[in-house]
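Novice: Give me a model of this one.
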Amino acid sequence: MSEERPADESPLVQRVDALLRSHRGAQPSHSDVPVLTDIVELEPDGQPRFDPAALEALALELERAVLARLGEELDRAIEQGLARALAETLDGMRADLTATVREMVRDAVAASVESALKTRSGAAAPAGRGEAPKT
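Specialist: Next up, the predicted model:
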């Protein structure tokens, strides 16, 4: 079983051939792991037979892997969404507060001016009628 090798064969090809030769006669260490040449047993309805516990474990592992990959992206998206919503809410509150404070200041100034005018016109009214003060 000696094979003729071309002299110009690359070292990589030689190493791959050596690796394949070393594993040709070796038995697989995990006989429960299916390979492409294994026959899959089917149920009477023609569907493959699956172990529910193995499927559940696979689903949980897949879920963990997906969440691990999406976790950071999901956190970033949530933070951006919250920041945008918070900024919009605060802008609206600031506008409402500004309008309320302006209205309160306008009302307070108007009340103060009105009070000052009443006080002044109340104090000026007796002197303004031309009555002489009694002695």
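Novice: Could you use CA atoms for every contact and neighbour count after this?
Specialist: Noted.
Novice: What are the boundaries of the strands in the chain?
Specialist: For the chain, no strands are identified by DSSP state E.
Novice: hmm, which helix or strand of it has the shakiest average pLDDT?
Specialist: Lowest by mean pLDDT, DSSP states H and E among the helices and strands of the chain is helix 11-23, with a mean of 79.
Novice: List the buried residues for it?
Specialist: Within helix 11-23, no residue counts as buried by 16 or more other C-alpha atoms under 10 Å.
Novice: which secondary structure elements does that helix contact?
Specialist: Using 3 or more C-alpha pairs under 8 Å, 6 or more residues apart in numbering; DSSP states H and E, no helix or strand is in contact with helix 11-23.
Novice: Give me the below-cutoff pLDDT ranges for the chain.
Specialist: 1-8, 23, 25-34, 38, 40, 42, 46-49, 123-135 (pLDDT under 70).
Novice: For it, just list every one of the helices.
Specialist: Secondary structure of the chain by DSSP state H: the helices cover 11-23, 52-128.
Novice: Could you dump those into TSV with distance to Val35 added?
Specialist: Output for the helices of the chain, formatted as TSV (distance: least, C-alpha to C-alpha, whole Å):
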stretch	distance to Val35
helix 11-23	15
helix 52-128	17
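Novice: give me phi/psi at Asp51?
Specialist: Taking degrees, to the nearest 10, you get phi -80, psi 120 for the backbone angles of Asp51.
Novice: distance of it from Ala65?
Specialist: Counting by C-alpha to C-alpha, to the nearest Å, the gap from Asp51 to Ala65 is 21 Å.
Novice: neighbour count winner among those two?
Specialist: When Asp51 is set against Ala65 and neighbours are counted by other C-alpha atoms under 10 Å, the residue ahead is Ala65, at 12 against 8.
Novice: residue contacts, the more buried one?
Specialist: Shown in contact with Ala65 (C-alpha atoms under 8 Å, 6 or more residues apart in numbering): no residues.
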